[in-house]
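1. Okay, sequence plus prediction incoming.
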Amino acid sequence: MNTFAIVIAVIDILVSIALVMLVIFQEGNSKGLGAISGGADTFFGKSKGRTIDSLLKRLTSILALVFAVLTVVLYLMTGRGA
């Protein structure tokens, strides 16, 4: 494996770890832990949660796309795709 492939592999691993963390941080369809603290009952708590949740969903989609592209590029670079 050449140096560029190693760098791509390291970036791919870091992106996969970040993707797992983003999925863990997302709130499910139910109220989740926000209902315990009462933060979901206020107006500001609801709007803040929605913006953070939408940001996490957008970042998850972007990182999933980056992960897929990096994995395909790495697969083709290592000669297994040819």
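-> Structure received.

2. And the residue most central in space within the chain, what's its pLDDT?
-> Residue closest to the mean C-alpha point of the chain, counted by CA atoms, centre = their mean, is residue 19 at 2.9 Å. pLDDT, residue 19: 95.

3. That one contacts residue 64, correct?
-> Yes - counting by CB atoms under 8 Å, residue 19 does reach residue 64; the two are 6.2 Å apart. Placement of C-beta: from N, CA and C, glycine included.

4. most residues in a single helix of this protein, which one?
-> For the chain, the helix with the greatest residue count under DSSP state H is helix 43-77.

5. lowest-confidence helix or strand of this protein?
-> In the chain, no helix or strand scores lower on mean pLDDT, DSSP states H and E than helix 34-37, which sits at a mean of 53.

6. In terms of helix, strand or coil, where does residue 79 fall?
-> With DSSP: H, G, I helix; E, B strand; the rest coil as the basis, residue 79 sits in coil.

7. how much space is there between it and residue 71?
-> Distance, residue 79 to residue 71, using CB to CB, to the nearest Å: 15 Å.

8. Kindly report the same for residue 9.
-> Relative to residue 71, and taking CB to CB, residue 9 is found at 10 Å.
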